[in-house]
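Enquirer: generate a structure from the sequence data that follows.
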Amino acid sequence: MTPTPSPSEPADAPSVASATSAPPPQVTVLPLTGLGEVREGADLAVLLAGALAPLAPREGDVLCVSTKIVSKALGLRVSSEERDAAIERIAVRTVARRLHTRVVTSVVQIPSGPVMAAAGVDGSNAPDGPLLLPEDPDACARELREGLVARLGVSIGVVLTDTSSRIWRVGVSDIALGAAGVTSLEDLRGGVDADGRPLSVTVRNLADELAAAADLVKGKASGIPAALVRGVPGATGVDVPARELSRTGADDWFRRPSLESVWAALGLAPEQEPIARMSPEPAEERIARALEVAALPRPGAPPFLSRAAAVRDRSGSTHIVVERADASAAALADAATLAERVRTALGAESLGEELSQVPVLIVPDPEENPR
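Expert: As a prediction, this is how the structure comes out:
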């Protein structure tokens with residue numbers, strides 16, 4: 001039954017149903033089963049095409065593949081003893097190092113752009129030894145896609161995925177390390193939102209969203225290293241490599257964590273930087289580290305003649321005593337410089353979890369005025 005227009009409504013006004021937008025897309029995530037353990041030298045295009053056939057791939061589908069099986073097929077293994085040396089060799093730069101129990105984890109930028117813990121070197125689901133990531137995941141995705149399109153006769157996209165954590169977020173999810181035939185970035189700037197307001201900053205990371213969606217049916221414990229994502233509008237409209245997803249250079253707002261940023265500003269070389277723990281650290285440990293950092297002079301500067309130490313008074317409060325070497329003006333300047341470095345290093349330690357106020361006092365050397 002068609003509703004009768006009210007007297008205030010024109011007869012040709014659109015109905016509520018016709019004025020609304022089209023229904024949202026129905027996204028389907030389909031696991032690829034029966035692949036088995038991938039061995040070095042395996043032809044992934046052949047293996048994956050066989051597993052894809054029962055799913056009847058369509059134009060616009062995106063195959064998300066764990067990068068780990070690409071590494072297995074390429075034989076990118078190292079021994080456990082060589083793991084740390086391999087991470088150091090791979091790293092474009094070290095972002096941070098953190099101690100967990102007795103293991104130091106290096107967070108580094110890898111050649112393809114992303115910043116990852118241990119350079120993405122992983123021993124899970126790797127019975128023959130830790131696996132390295134391919135140096136150029138986009139090239140691997142491109143080669144795999146070409147092989148699949150040739151065998152399937154249908155144009156699909158390919159995303160190579162890996163597990164990663166993100167700043168300000170707890171836990172891990174899959175991200176795109178490599179992509180081919182995929183609109184990895186969907187630029188929505190210049191469009192409007194549901195209320196008609198202009199979009200001026202929104203660039204959607206579609207490749208990471210596809211990777212995370214696929215991981216809902218695969219993952220580390222399932223033995224399913226690939227999934228097909230179907231029904232995402234525009235997923236294969238523009239070919240954007242995954243390398244474009246990493247913020248590097250001048251666009252990197254978080255090039256170093258807060259502690260390391262201050263240490264770098266104080267002039268410490270990477271090899272001089274101490275290693276903070278992943279877990280919360282007691283105040284005494286953080287104060288001791290601040291004193292260690294402050295005592296290291298800038299490159300080219302002479303060692304400090306003054307000494308700094310933490311002293312606890314009868315009330316249990318801690319303060320820092322900087323003892324100058326003698327009564328000369330040079331010694332006073334030396335002590336003042338060290339005191340300011342101590343204050344700066346203490347400030348860095350307070351950025352994550354605030355320290356109680358720690359006064360820094362300059363005092364004469366006890367041997368300067370013997371009684």
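Enquirer: can you show me the helices along this structure?
Expert: Using DSSP state H, the helices of the chain run over residues 16-19, 44-52, 67-74, 83-90, 137-152, 206-215, 258-265, 283-294, 329-352.
Enquirer: what's the longest one packed up against?
Expert: If you count contacts as 3 or more CB pairs under 8 Å, 6 or more residues apart in numbering; DSSP states H and E, helix 329-352 packs onto helix 258-265, helix 283-294, strand 307-312, strand 318-324, strand 360-364. (Glycine included, C-beta is placed from N, CA and C.)
Enquirer: about what we covered before: how about TSV for the helices of the chain, with mean neighbour count, distance to residue 225 and mean pLDDT added?
Expert: As requested, the helices of the chain are exported to TSV (neighbours: other CB atoms under 10 Å; distance: least, CB to CB, whole Å; pLDDT from 0 to 100):
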stretch	mean neighbour count	distance to residue 225	mean pLDDT
helix 16-19	7	44	41
helix 44-52	19	9	97
helix 67-74	23	5	96
helix 83-90	16	22	93
helix 137-152	20	13	98
helix 206-215	24	10	96
helix 258-265	17	35	96
helix 283-294	19	42	96
helix 329-352	18	37	96
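Enquirer: quick one: closest of those to residue 32.
Expert: helix 44-52 (4.3 Å; CB to CB).
Enquirer: what sits up against the closest one?
Expert: With contacts defined as CB atoms under 8 Å, 6 or more residues apart in numbering, helix 44-52 is touched by 32-35, 38, 63, 65, 69-70, 73, 144, 146-148, 150-152, 226, 228.
Enquirer: follow-up on the earlier one: including distance to residue 138, could the helices and strands packed on helix 329-352 go into JSON lines?
Expert: Below are the helices and strands packed on helix 329-352 laid out as JSON lines (distance: least, CB to CB, whole Å):
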{"stretch": "helix 258-265", "distance to residue 138": "29"}
{"stretch": "helix 283-294", "distance to residue 138": "39"}
{"stretch": "strand 307-312", "distance to residue 138": "50"}
{"stretch": "strand 318-324", "distance to residue 138": "51"}
{"stretch": "strand 360-364", "distance to residue 138": "51"}
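Enquirer: for residue 101, which of the ones you listed is the nearest?
Expert: Once the helices and strands packed on helix 329-352 are compared by CB to CB, helix 283-294 is nearest, at 15.3 Å.
Enquirer: so what's the gap between the closest one and the chain middle?
Expert: Distance, stretch centre to chain centre, for helix 283-294: 27 Å (CA atoms, centre = their mean, to the nearest Å).
Enquirer: likewise for stretch 154-166?
Expert: Worked out by CA atoms, centre = their mean, stretch 154-166 lies 16 Å from the chain centre.
Enquirer: can I see the domain layout of this protein?
Expert: Domain ranges of the chain: 24-251, 258-364, per automatic domain parsing.
Enquirer: circling back to that earlier point, for the helices and strands packed on helix 329-352, which one sits closest to residue 346?
Expert: For the helices and strands packed on helix 329-352, distance to residue 346 was read as CB to CB. The smallest value, 4.7 Å, belongs to helix 283-294.
Enquirer: tell me the pLDDT of residue 239.
Expert: Residue 239 carries a pLDDT value of 94.
Enquirer: what about residue 79, neighbour count?
Expert: Applying other CB atoms under 10 Å, we find 11 residues neighbouring residue 79.
Enquirer: re the thing from before, so which of the helices of the chain comes closest to residue 130?
Expert: Proximity of the helices of the chain to residue 130 was assessed by CB to CB; the nearest stretch is helix 83-90, lying at 5.1 Å.
Enquirer: send me the closest one as PDB with only the CA atoms.
Expert: C-alpha atoms of helix 83-90 as PDB (Å, rounded to 0.1, in the frame of the first residue of the first chain):
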ATOM      1  CA  ARG A  83      68.700 -14.900  15.300                       C
ATOM      2  CA  ASP A  84      70.100 -11.800  17.100                       C
ATOM      3  CA  ALA A  85      72.800 -11.300  14.500                       C
ATOM      4  CA  ALA A  86      70.200 -11.600  11.700                       C
ATOM      5  CA  ILE A  87      67.900  -8.900  13.300                       C
ATOM      6  CA  GLU A  88      70.900  -6.600  13.600                       C
ATOM      7  CA  ARG A  89      71.800  -7.200  10.000                       C
ATOM      8  CA  ILE A  90      68.200  -6.600   8.800                       C
END
